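Student: What would the 3D arrangement of this be:
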Amino acid sequence: MNLISMTKALFTSAPRVSPAECAARVRAGEARLVDVREPTEWLSGVAESAALLPMSDLNGARTLWRDFLAQVGQREVLTYCAVGARSGIVARILVSEGVRAANAGALAEWRSAGWPIVPPPMADGPAKSGGR
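Tutor: All right, here's what the predicted structure looks like:
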């Protein structure tokens with residue numbers, strides 16, 4: 001990510017939505033849920049059906065994010081992380097690039113809303129997980 005893109009993202013806002021608000025959209029296939037934590041953090045569990053795409057890849061080479069964004073089409077991208085800060089940054093970056101995105105908060109909020117938390121499907125690799 002270059003300096004101009006980073007500056008633009010800083011001045012872009014992205015909506016903050018609760019997991020309860022997002023659940024129906026994810027289940028209907030209207031939105032994709034993305035865990036933006038780093039791979040070592042996924043070992044503690046991930047939200048079921050979440051794509052595992054670290055923020056570091058979005059800010060770096062985008063080896064995982066590039067294919068994901070090409071496949072997501074017009075669906076909304078809902079991001080979460082450990083506490084909701086990184087997911088907010090990622091959502092703002094995506095919105096600044098023309099992607100429909102929102103910050104869906106923290107993994108604990110998804111757990112509290114009753115969304116299943118599962119072991120990461122590492123056999124599929126980070127970019128292929130999340131099935132929808």
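
Student: Any stretches of this structure with poor pLDDT?
Tutor: 1-11, 122-132 (pLDDT under 70).

Student: what are the ranges of the helices in it?
Tutor: Counting by DSSP state H, the chain has helices at residues 3-10, 19-27, 39-42, 55-59, 65-72, 85-96, 107-112.

Student: List the buried residues for the shortest one?
Tutor: Judged by neighbour count (16 or more other CB atoms under 10 Å), helix 39-42 contains these buried residues: Glu41, Trp42. Where C-beta positions appear, they are placed from N, C-alpha and C, glycine not excepted.

Student: Please convert the helices of the chain to a markdown table, extending it with distance to Pro121.
Tutor: Output for these, formatted as a markdown table (distance: least, CB to CB, whole Å):
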| stretch | distance to Pro121 |
| --- | --- |
| helix 3-10 | 29 |
| helix 19-27 | 16 |
| helix 39-42 | 9 |
| helix 55-59 | 17 |
| helix 65-72 | 15 |
| helix 85-96 | 20 |
| helix 107-112 | 16 |
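
Student: so which of those gets nearest Pro119?
Tutor: Closest to Pro119 of the helices of the chain is helix 39-42 (CB to CB; 8.7 Å).

Student: winner for burial among the helices of the chain?
Tutor: Of all these, helix 85-96 carries the top mean neighbour count, a mean of 22, counting by mean count of other CB atoms under 10 Å.
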